[in-house]
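# What follows is a protein structure lacking sequence information:
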């Protein structure tokens, strides 16, 4: 029933100015949850077989939904079209036959179908809401989105909505939220073996803290200055003297004001050979000068923290949450595809109102985003690019499918220059794009005598 499933005989006037940015922002709070909107992106197109007839005077019929919402009347479509025009910035509803009319017609029908499909799915799953729930949510939205009743009335005027439309939007938003919650509950939970496999794969990269050292440094472009600082510290390497010497000789802005102190330096962060010298030195030993890009450095290791690996029990809940989120996303993606296929097959449209979301839609196989020249025998202006005639499968690179990356790294695809086919026939195994160290499968042994 979106924008309005009630029987509106004449609809609304098309006059008035286009809604401003504020109205558009508020309107966003009254529509479906962002995550659930993707349910209504067309995933598959199919042709209906044995479609039931649409009642006379109606524009569409959706099967297997509550009886009061399944039939889309002409009045409902006209009202949805007026709303689509107004919210699209049109001063009036375009005339039938124009390109703009066709665009807004599809927008209006999509809005109507989305609302019906959502209510149909909610009924199948036993989800219902009361008028009290709608009233409570609307009160909350008004409080969050509008400073005063006057501002709310201005929103209604600018958007073309009336109170019935708004209640319907709020109802659909609540249904959307409840469907998402039920989807989340239905998603499979990661098993103990999956959690353990993820931990083993990620142990070295995610759950192991590299060794760190706290050091004091003096950095200067002039070797002479560093040597002078070194002599001063050899006489007295106390923290108090480090503070004095660093302030006088060091040019490192990050440490010169705090006695040259650098805490938690990780192995591999500093440039070589300084990094190796820092992690190879004993604590309390003044080392240098070491030449670096920044100049010359002397340092002293104050303390060291060895490498530490977190145990599985310490990170189990973190891994469980990561895997659960992945399972939910995959489960949701599968539901989206099934949802669109199922409800498209249940939607039947009258002549003049058939879109890709109707079971009785018969497409020509042309992509809507591709130039028409892609399908012309002798186009006057050839298209610069055309989609592939079939969906391309992108295989994963061998050895890249892991518990961390269950889909692996896509194998690089590249065009084949003219003449390359002959070269590939001579060399059947092409190692380009495979991980380092990968090898082709072994050749089959020669057939035995008599075979």
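Structure received. All values reported here derive from a predicted model rather than from experimental measurement.

# List the buried residues of the longest helix belonging to the chain.
Longest helix of the chain, by residue count under DSSP state H: helix 312-345. For helix 312-345, the neighbour count (16 or more other Cβ atoms under 10 Å) marks 315, 319-320, 322-324, 327-328, 332, 335-336, 339-340, 342-345 as buried. Every residue, glycine included, has its C-beta placed from N, CA and C.

# pLDDT (mean, whole number) over it?
Averaging pLDDT along helix 312-345 yields 93.

# and if you look at stretch 283-290?
On average, stretch 283-290 scores 94.

# Any buried residues in it, and which?
287-290.

# just the helices in this protein please.
Going by DSSP H, the chain shows helices at 21-28, 34-37, 74-87, 99-124, 131-145, 149-159, 163-186, 192-206, 223-235, 239-249, 274-280, 312-345, 420-426.

# and the third one, how far out from the chain's middle?
The gap between where helix 74-87 is centred and where its chain is centred comes out at 31 Å by Cα atoms, centre = their mean, to the nearest Å.

# hmm, what's the outermost residue in the protein?
residue 235 (60.0 Å; Cα atoms, centre = their mean).

# distance of that one from residue 280?
Residue 235 is 25 Å from residue 280, where distance means Cβ to Cβ, to the nearest Å.

# One more: residue 259?
Counting by Cβ to Cβ - residue 259 and residue 280 are separated by 23 Å.

# Compare the two (neighbour count), which wins?
The neighbour comparison of residue 259 against residue 280 (other Cβ atoms under 10 Å) goes to residue 259, with 19 against 10.

# Find the nearest non-adjacent residue to that one, please.
residue 243 (3.7 Å; Cβ to Cβ, 6 or more residues apart in numbering).

# among the buried residues of stretch 283-290, which two are most distant?
Farthest pair in the buried residues of stretch 283-290 (Cβ to Cβ) is 287 and 289. Separation: 8.8 Å.

# Give the intersection of the neighbour lists for the two.
Common neighbours of residue 287 and residue 289, using Cβ atoms under 8 Å, 6 or more residues apart in numbering, are residue 298.

# Next, the buried residues of stretch 224-231.
225-230.

# likewise stretch 126-134?
127, 129, 134.

# List just the nearest of the buried residues of stretch 283-290 to residue 121.
residue 290 (67.3 Å).

# wait, what's in contact with the closest one?
Residue 290 neighbours (Cβ under 8 Å, 6+ apart): 273-274, 277, 296-299.

# Tell me how far the nearest residue to residue 354 once chain neighbours are set aside lies from residue 214.
Distance criterion Cβ to Cβ, 6+ apart; nearest residue to residue 354, sequence neighbours excluded, is residue 361 at 5.3 Å. Here the criterion is Cβ to Cβ. By it, residue 361 lies 69 Å from residue 214.

# Would you mind measuring from the residue nearest to residue 259 to residue 285?
Distance from residue 243 to residue 285, by Cβ to Cβ: 19 Å.

# thinking again about what came up before, local confidence estimate at the residue nearest to residue 354?
93.

# How many residues are close by it?
Neighbours of residue 361 (other Cβ under 10 Å): 17.

# Likewise for residue 350?
With other Cβ under 10 Å as criterion, residue 350 counts 20.

# For the residue nearest to it when sequence neighbours are not counted, give me its contacts.
Of all residues not flanking residue 350 in the chain, residue 54 sits nearest, at 4.3 Å (Cβ to Cβ, 6+ apart). Counting by Cβ under 8 Å, 6+ apart, residue 54 touches 60-61, 348-350.

# And those residues, which is closest to residue 144?
The closest of those, once distances to residue 144 are taken by Cβ to Cβ, is residue 60, at 34.4 Å.

# So the nearest residue to the closest one once chain neighbours are set aside versus residue 83, what's the distance?
Sequence neighbours aside, residue 72 is the residue nearest to residue 60 in space, at 4.1 Å (criterion: Cβ to Cβ, 6+ apart). Distance, residue 72 to residue 83, using Cβ to Cβ: 14 Å.

# quick one: which of these two has more around it?
Neighbour count, other Cβ under 10 Å: between residue 72 and residue 83, residue 72 has more, with 28 against 25.

# Just list the residues touching that one, thanks.
58-62, 109, 112, 116.

# can you pick the most crowded of these?
residue 112 (27 neighbours).

# State the pLDDT value of that residue.
pLDDT, residue 112: 96.

# In this structure it contacts residue 76, no?
Yes. Contact criterion Cβ atoms under 8 Å: residue 112 and residue 76 qualify, at 6.6 Å.

# ok, which stretches of the stretch 301-450 of the chain are strands?
Counting by DSSP state E, counting those that start in this stretch, one finds strands in the stretch 301-450 of the chain at the ranges 308-309, 347-349.

# okay, now the domains of the protein?
21-187+330-349, 208-309 (automatic domain parsing).

# Return the distance of the longest one from the chain's centre.
To tie it back to what came earlier, the one meant is domain 21-187+330-349. The answer for domain 21-187+330-349 is 23 Å, by Cα atoms, centre = their mean.

# picking up where we left off before, list the helices and strands the longest helix of the chain packs on?
Judged by 3 or more Cβ pairs under 8 Å, 6 or more residues apart in numbering; DSSP states H and E, helix 312-345 is in contact with helix 99-124, helix 163-186, helix 192-206.

# Burial check on residue 254, number of neighbours?
Neighbours of residue 254 (other Cβ under 10 Å): 12.

# can you check the one 4 residues further on too?
A count of nearby residues for residue 258, using other Cβ under 10 Å, gives 15.

# Ok, residue 383 next?
Neighbours around residue 383, by other Cβ under 10 Å: 14.

# List the residues that contact it.
Applying Cβ under 8 Å, 6+ apart, the residues contacting residue 383 are 370-371, 373-374.
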